[in-house]
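I'd like to go over a predicted model; first the sequence, then the structure.
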Amino acid sequence: MKNTLKLFSIIFLTGCQTLGLINEDPRAPTALSGDNDEFASQAWSREVVTPIITYQFFGDNIQPSKFFDISGSGVYLVGDEAVEMINIDSGDLMTSLNIENEQVMSGVTVAYNTYLYSDIEGKLYLHNLNNGDLKWKNDLKDLVISKALITPLHVYVQTSSDVLYAFDFQTGEIAWSKNAQAPLLSIRGTSNPVFYEGLIFATFSNGRLAAIRAEDGIQLWEKPISRIKGSTELEKLMDADSPAIAFDEFVYAANYNGSLTRFNIRGGEKLFSVDLSTTKPIKQFRDMVLAVNVDDEIIAFDALNGTEKWRNSSFKFRKISELIFIGNNIYFGDLEGYLHKLNAQTGETIGQQATELEEIVQIEARSGRLIAQDSRGSLSAFDLN
């Protein structure tokens, strides 16, 4: 009887497929070709107890985003009870540094002999990197889930409710703040502020880019990255979760359901705006701006006029990580733990590397070596062949 039912089920499903009643998922991850050469070998790997959990899309609850940072010869990441420093060459644990609250919401940012993180209660902590002593803390009562910006004078953080803060680096007192008007609906991600030529560039969930004087918080200009394309709240969703990039006299910003736009730094005039929907960081490579759209296509735009120079659609819906560059090559990871290598000038796929990692959520480069972390928290280093 079981065999008869099984046979009937097979015939029924085959018939449905023939009639077109069963459709493949249009957003299923694109299968990899397997035709590309391997390009890396694992140097070391460490299991990290604390999982990497990202915030929920359209969810009410923002969950921890445990990113790591690299400074000198150390990889710094938040463990269960400490900030751990991993030797980038050997993978050995070099030291453990204090944290004030084990319920850390952010990852860790390391700069100027300090490390900074935030907790689930909305408190921000800055420690001495040499001995782990707490220099100051500030209770924002607001969540920080993106990387901070640390300079010799100030610490800049952007909260999940669209407030940009500047803190005195030595005392932790608020030097200035900027509130952006939050939209009714948001992806609930957060960009991180960018420093360039004495200015802070910040993008917000209302789809706007602001240029602010770093010293005193005086806003020079604020402009929409793109125009509204629909009438419903969902269609109006225009979060700018990608940090701006600035070079020469121009600043570039991109947003979800919006555009990649080039602005003049001093006055904020728009020089071009081309369709793009993204939540990942945009990147500069020579005379191009590269982006990963929401379908996981990698697109290179001419930095002068915004024309498309190339597009790679081989990784659609594979949840690829942020793009990083070494020389003329682009590297990134995907949902199955593969590492990929592209020619940055042409967009051609030239390498594919299987790893023991699961979904790769962060990848960085240092001294010709790739450091990658997956959604379980496992951390691995790879040498390039």
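Received, thanks.

Now stretch 119-132: buried residues?
By neighbour count on 16 or more other Cβ atoms under 10 Å, the buried set for stretch 119-132 is 119, 122-127, 129. Bear in mind the C-beta positions are built from the backbone N, C-alpha and C, glycine included.

do stretch 294-304 as well
296-301, 303.

swap in stretch 363-376?
363-365, 369-376.

quick one: average confidence on the helix or strand hosting A372?
Assigned by DSSP states H and E, A372 belongs to strand 369-374. Averaging pLDDT along strand 369-374 gives 96.

ditto for stretch 110-130
Averaged across stretch 110-130, the pLDDT comes to 96.

Restricting to C-alpha, output that stretch in CSV.
Extracted C-alpha coordinates of stretch 110-130, given in CSV (Å, rounded to 0.1, in the frame of the first residue of the first chain):
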residue,chain,number,x,y,z
VAL,A,110,39.1,49.2,17.9
ALA,A,111,41.1,52.4,17.3
TYR,A,112,43.5,54.8,19.0
ASN,A,113,44.4,52.3,21.7
THR,A,114,40.8,51.8,22.8
TYR,A,115,37.9,49.4,22.1
LEU,A,116,34.2,50.3,22.1
TYR,A,117,31.0,48.3,22.2
SER,A,118,27.4,48.7,23.2
ASP,A,119,25.0,46.5,25.2
ILE,A,120,21.4,45.5,25.0
GLU,A,121,20.4,48.2,27.5
GLY,A,122,21.6,51.0,25.2
LYS,A,123,24.8,51.7,27.1
LEU,A,124,28.1,52.6,25.3
TYR,A,125,31.5,51.6,26.8
LEU,A,126,35.0,52.7,25.9
HIS,A,127,38.0,50.8,27.3
ASN,A,128,41.7,51.1,27.4
LEU,A,129,43.1,48.5,24.9
ASN,A,130,46.3,47.9,27.0
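
Find out how far it is from the centre of the chain, if you would.
Its chain's C-alpha centre and that of stretch 110-130 lie 19 Å apart, by Cα atoms, centre = their mean, to the nearest Å.

Tell me the one among the buried residues of stretch 119-132 nearest to R318.
Checking these against R318 with Cβ to Cβ, the nearest one is D119 at 32.7 Å.

ok, what's across the strand from that closest one?
Under DSSP bridges, the beta-bridge partners of D119 are V104.

Distance check, it against I363.
Distance of D119 to I363, given as Cβ to Cβ, to the nearest Å: 26 Å.

Could you do T278 as well?
17 Å.

How about D80?
On the measure of Cβ to Cβ, D80 and I363 end up 23 Å apart.

Check D383 too.
The spacing between D383 and I363, counted by Cβ to Cβ, is 14 Å.

Kindly report the same for G258.
Distance from G258 to I363, by Cβ to Cβ: 25 Å.

Ok, E81 next?
Taken as Cβ to Cβ, the span from E81 to I363 is 26 Å.

The helix or strand hosting E84 pairs with which strands, and in what direction?
Assigned by DSSP H and E, E84 belongs to strand 83-87. Strand pairing for strand 83-87, using DSSP bridges, gives strand 74-78 (antiparallel), strand 93-97 (antiparallel).

how deep is the closest residue in space to N328 that isn't next to it in sequence tucked in, by neighbour count?
Ranked by Cβ to Cβ, 6 or more residues apart in numbering and with sequence neighbours excluded, the top spatial neighbour of N328 is A344, at 5.4 Å. Number of residues near A344 (other Cβ atoms under 10 Å) recorded here: 23.

again, but for I330
24.

was I right about Y115 contacting H127?
Yes. The pair Y115 / H127 is scored as a contact, 5.3 Å apart, by Cβ atoms under 8 Å.

anything in contact with each of the two?
83, 97 (Cβ atoms under 8 Å, 6 or more residues apart in numbering).

S380 contacts Q353, doesn't it?
No. In this structure, S380 is not within contact of Q353 by Cβ under 8 Å, at 11.1 Å.

quick one: secondary structure of A175?
Here A175 is recorded as strand under DSSP: H, G, I helix; E, B strand; the rest coil.

For D295, which non-adjacent residue is closest in space?
The spatial neighbour of D295 that comes closest, neighbours along the chain excluded (Cβ to Cβ, 6+ apart), is K316 at 5.3 Å.

and the gap between L77 and Y117?
10 Å.

Mind listing the shared neighbours of these two?
Joint contacts of L77 and Y117 (Cβ under 8 Å, 6+ apart) are 83, 107-108.

In CSV, list the residues you listed along with neighbour count and distance to K223.
Conversion of these to CSV gives the following (neighbours: other Cβ atoms under 10 Å; distance: Cβ to Cβ, whole Å):
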residue, neighbour count, distance to K223
V83, 25, 38
G107, 25, 30
V108, 25, 32
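
the domain parsing of this protein - what is it?
Annotated domains of the chain cover 27-58+312-385, 59-182 [automatic domain parsing].

Quick one, which of these gets closest to E222.
The nearest among the domains of the chain, by Cβ to Cβ, is domain 59-182 at 8.3 Å.
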